[in-house]
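# sequence plus predicted model, see below.
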Amino acid sequence: MHNTQSVLSINARYFQKFLSLNNITSTKVGDLCKIDGFTGYNNLIDLNSIFSNHPKHFPIDRTGLTISPVKWSHVRPWVVPSKKNTLDEAMSARVKYFESFDKKINIFWSGGIDSTAIVTAFLKNATDLSKIRIIHSPWSFYEHPEYREFLKKFPQIELIDQSGETYLNLNLDGIVVSGNSGDEIHASIDESFLNTYGFESLLLNWQDFFYKKNNNDEFIEFCDLFFSKSGFKISTVLEARWWFYTSCKISSILRTHTYPFMLSNKTFSVDINDVYGFYDCEEYESFIYWNIHDIMKTPNYTTWKQLLKDYCYKFDKLLNWWETKAKFASLQLTHYEFKKVALNDKRHILILGDGSKIQTPNLPFFSKKEFLNIYGDSLEYLLNEPDKL
Amino acid sequence: MNTKFYKLIIIDRFLKETSALRQHFIENAVDTAIDDTLFMRRVRVLRQLSEFESQALKKIYNFDTDDIDDFFEGLDLLLLELKSVTLKNA
């Protein structure tokens, strides 16, 4: 039944056990694991560990250089951008792409920088605002208090407050657009990294920085080879960081959080192909690729993604948010996701490319016995052979 | 393998956690009863807690394994989920 599908999402809580059921041994690293026999993939985990003390969200190599332990679905291959978009062109092109479906466009708006820029893009460029629906919660307006009044200028736009119990069975027609992918395509710079190493570390030569954290020559050689896939000479930590997150992590949070959230309704099944990361696209890559050094220009953390904030401010003139907004790790949607999955009992070990779930009946209690009873070895096809490098 | 013993351990630990949370929310509902919104939220969480508890007990009872560790790993994950289910702002 499943053997034409590949993997859309993996529940990290069960992954190591799933591997052991298929006689694959692994070692935990943060929320991820290094897997015996997958040398290239393990190098990506090591690379992730350079940038993060607690790696999470599976790296999915868009370059094809490394072999992943599982066959992933919905992977957009890396292509070196040949076009140079301005930010306006990139945002406008992306809006036009979504409009071409001629469906309702559901935007999850958190009040943060990425999702506010998405809303701005639609407000600026959409030809029919009545096609737009903004899904928010009270916390969206806590993050961006001025936006409540601002959105009243656009009465054609439908607003849905998903708090209370609404999010538990959110039936949405049309397509879904998420800001997840925004952090990654902007190098996923977290404040703790800057507090530990300083803003200046972003401008250091990457080899020098990496050697201090991992002086394994083979690992550095791997990074050299991997970075060459970017199409330009990566010199600084910022460029290396941007490359890693764009080439390997751009869809990871979508897979870990957005897809499970959308697929966990009690009664309504979303078509997984209707769920998009706004920034996970060629159009935006054709802008940011040429503007990596504008991602964060000063040591002040509020200037991370300043280019998106400027984009919003130019349109809405909301000064306070523009001046003060910094990345705030809003866990609200994460809490909604975990709670919805648990209460609706829509837990999964894996989600396949068609949105179907691999699960055993008593999750979160997971046993080899129950798994083999249902699946036997029928899911072995989802795993790749090790690369033996 | 006779798993009844381990199931009872897990049920005991789980219900101790849910009981403590239930008591906390009841007291909090009393404290915030003047505020209609907060009161509604507390009662909603109490209702969801009961749903979750019922679901979890069924799963523990039905769970089939040959490995005792599975019970305790599952309990850890269940308690993580319990945190999400009983968050005041979710």
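Noted; the coordinates are in hand.
# may I have the predicted confidence score for the residue most central in space within chain B?
Per Cα atoms, centre = their mean, the C-alpha nearest to the average position across chain B is that of B:Thr18, at 4.3 Å. In this prediction, B:Thr18 carries a pLDDT score of 97.
# also the one 10 residues further on?
Looking at B:Asn28, its pLDDT reads 90.
# A:Trp290 reaches A:Lys83, doesn't it?
No - between A:Trp290 and A:Lys83 no contact is recorded; they are 9.5 Å apart, counting by Cβ atoms under 8 Å. In short, each C-beta sits where N, CA and C put it, glycine included.
# would you map the strands across the chain?
Defaulting to chain A. With DSSP state E, the ranges of strands along chain A come out as A:7-10, A:26-29, A:32-35, A:105-108, A:132-136, A:158-161, A:175-178, A:275-277, A:350-352, A:357-358.
# count of neighbours near A:Ile157?
Residues near A:Ile157, counting by other Cβ atoms under 10 Å in any protein chain shown, number 19.
# ok, it - contacts?
A:129-130, A:132-134, A:151 (Cβ atoms under 8 Å, 6 or more residues apart in numbering or on different chains).
# buried among those? Make that a ChimeraX selection.
A single ChimeraX command selects the buried members of these (16 or more other Cβ atoms under 10 Å in any protein chain shown):
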select /A:132,133,134,151
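# from the contacts of A:Ile157, pick the one nearest A:Ser201.
Of all the contacts of A:Ile157, A:Ile134 has the smallest distance to A:Ser201: 37.4 Å, by Cβ to Cβ.
# about what we covered before: ok, now which ones touch the residue nearest to the centre of chain B?
B:Thr18 touches B:49, B:52-53, B:82, counting by Cβ under 8 Å, 6+ apart.
# let's see if you can find the most crowded of the residues you listed.
B:Phe52 (22 neighbours).
# helices along chain B, start to end?
B:4-31, B:36-62, B:68-85 (DSSP state H).
# report the contact partners of A:Leu204.
A:236-237.
# circling back: farthest pair within the contacts of A:Ile157?
By the measure Cβ to Cβ, A:Ser130 and A:Leu151 form the most distant pair in the contacts of A:Ile157, at 14.1 Å.
# what number of residues lie near residue 58?
Defaulting to chain A. Counted with other Cβ under 10 Å, A:Phe58 comes out at 27.
# please refer instead to chain B.
With other Cβ under 10 Å as criterion, B:Lys58 counts 13.
# returning to what we had before: which one of the contacts of B:Thr18 sits closest to A:Leu363?
Of these, the one sitting nearest to A:Leu363 (Cβ to Cβ) turns out to be B:Phe52, at 13.4 Å.
# which residues touch the closest one?
A:342-343, B:18, B:81-82, B:85.
# now for those residues: which two are most distant?
A:Leu343 and B:Thr18 (14.0 Å).
# where does the chain dip in pLDDT?
Answering for chain A, as no chain was given. A:1-3, A:329-330, A:388-389 (pLDDT under 70).
# can you look at chain B instead?
In chain B (pLDDT under 70), the answer is B:89-90.
# spell out which parts of it neighbour chain A.
B:44, B:48, B:51-52, B:55, B:59-60, B:62-67, B:70-71, B:73-74, B:77-78, B:80-81, B:84-85, B:87, B:89-90 (Cβ under 8 Å from any Cβ of the partner chain).
# with that, I have no additional questions.
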